[in-house]
Structure formats: C-alpha cells, structure tokens
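Peer 1: need a 3D model of the sequence below.
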Amino acid sequence: ESAVAELEGRGQPPPDALAQALKRLNDALHEVRHLSHSLRPTLLDTLGLPAALAHLASEFGQHARLRIDAHTEGAEIELPDEVKTVLFRVAQEALTNAAKHAAAAHLQLDLSFEAGRVRLRISDDGAGFDEAAVQEHPRQGIGLRNMRERLASIGGRLQIRSQPGAGTEVTLT
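Peer 2: Next comes the predicted model:
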C-alpha cells in the first residue's frame, strides 16, 4: 500500500495490475504476521503453561463436547519458551486425536513438575487402538509421528499406551 501511495503521490496512478499485486503482497504479509504469532500461543506468555493448558482443555472440551479434567501437581518450573510451546502444541494434537478417533466421553490432562523434568499425561476412556498397526501403515499415525518429532527436537520423549477397547494414554516427558 505504501508503494501505491508513493506512486500516487508523484501524480502517477499505478497500473491496475501493479496495484492488485501490491495489495496481494500486503495481504500476504499480514497473513504471515498472523501465522507467526499463532506459532507461539500468547496464552503461554500471559498465563503460563499450567493455566494455558487448563484453558486449552476447557475450550477444547466445550467445542468437542467432551469432559476434560485438567490438573497440575508440583511447583511450576521455569521452562524455555520453546519447551512450553512444544508441550502446548503436542497437547493440542493429543486432544484432537482423542476427539477425532477415540469416541471418548472423558479425557484427563495431568501436568506434573518434578525434580529436573516436566511430565504431561493425556488419557481418555475411548476406543483405543493398536499402536503397532498404526506405526506400520505409512499413511496413518502422522499426528503421532509429528508429536514424537516435536518432542525429540527439545530432548523430550513421547510414550503411548493403548489397546483396542481400553482407551489411550499419551505421556510427554
């Protein structure tokens, strides 16, 4: 828009194609800014990890019409921003997976701060699944692979315990 204004300021109206291209570029820049802000949830900065996860559970539960209980144990440990972001995003993915695939009625989100580590456990009372079968199929379990890779990038670990008919427990350490 500033380039359009500059051309107009010189008494030279921009060609329609140039004006349209500049408008699209400006729109794209606004979208990139929006996306970059979305990569790091502001809730983490304003509320901290425990409250941000509790808020996520509450909103997600209302949206998905699920009962989600969130609890925190231990004194909060100051974590690097990258670690908090990864934990938050992996929790989002775990909740999304449960809502899409588990047919669960109740989810539990437990965050615990322990000496030298943080653990986040998300469990559901849903249908469960055969983890080995999901890992063998190249087009299934993409969300689970993404969760593992995100955690590995910060030195974390993902454990999944599930059986058909017995629910699922996802633990991030």
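
Peer 1: next one: the nearest residue to Ala105 once chain neighbours are set aside from Asn26, what distance?
Peer 2: Leaving aside its chain neighbours, Ala105 sits nearest to Asp125 (6.0 Å; criterion: Cβ to Cβ, 6 or more residues apart in numbering). C-beta here means a position set from N, CA and C on the backbone, and glycine is covered the same way. Computed as Cβ to Cβ, to the nearest Å, the Asp125 to Asn26 distance reads 49 Å.

Peer 1: same question, Thr96
Peer 2: Separation of Thr96 from Asn26 (Cβ to Cβ): 32 Å.

Peer 1: could you find the closest non-adjacent residue to the most centrally placed residue in the chain?
Peer 2: Nearest residue to the geometric centre of the chain (Cα atoms, centre = their mean): Arg89, 2.4 Å. Excluding the flanking residues, the one nearest Arg89 by Cβ to Cβ, 6+ apart is Arg150, at 6.4 Å.

Peer 1: what's near enough to touch that neighbour?
Peer 2: 86, 89-90, 156 (Cβ atoms under 8 Å, 6 or more residues apart in numbering).

Peer 1: can I get the residues you listed in a markdown table with distance to Ala75, pLDDT and secondary structure?
Peer 2: Formatted as a markdown table, those follow (distance: Cβ to Cβ, whole Å; pLDDT from 0 to 100; DSSP: H, G, I helix; E, B strand; the rest coil):
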| residue | distance to Ala75 | pLDDT | secondary structure |
| --- | --- | --- | --- |
| Val86 | 21 | 94 | helix |
| Arg89 | 24 | 92 | helix |
| Val90 | 22 | 94 | helix |
| Gly156 | 20 | 95 | coil |
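
Peer 1: from those, which two are the most distant?
Peer 2: Distances among these were taken as Cβ to Cβ; the most separated pair is Arg89 and Gly156, at 11.8 Å.

Peer 1: buried stuff in the helix or strand harbouring Thr46?
Peer 2: Using DSSP states H and E, Thr46 sits in helix 42-47. Buried residues in helix 42-47, defined by neighbour count with 16 or more other Cβ atoms under 10 Å: 43-44.

Peer 1: and Glu73, how many neighbours does it have?
Peer 2: Per other Cβ atoms under 10 Å, the neighbour tally for Glu73 reads 11.

Peer 1: what's the answer for Ser58, then?
Peer 2: For Ser58, using other Cβ under 10 Å, the count is 13.

Peer 1: quick one, what contacts it?
Peer 2: 68, 70.

Peer 1: how much space separates it from Val170?
Peer 2: 19 Å.

Peer 1: go on, Thr46?
Peer 2: 26 Å.

Peer 1: on that earlier part again, which one's more surrounded, Asp125 and Asn26?
Peer 2: Higher neighbour count among Asp125 and Asn26: Asp125, with 17 against 14, using other Cβ under 10 Å.
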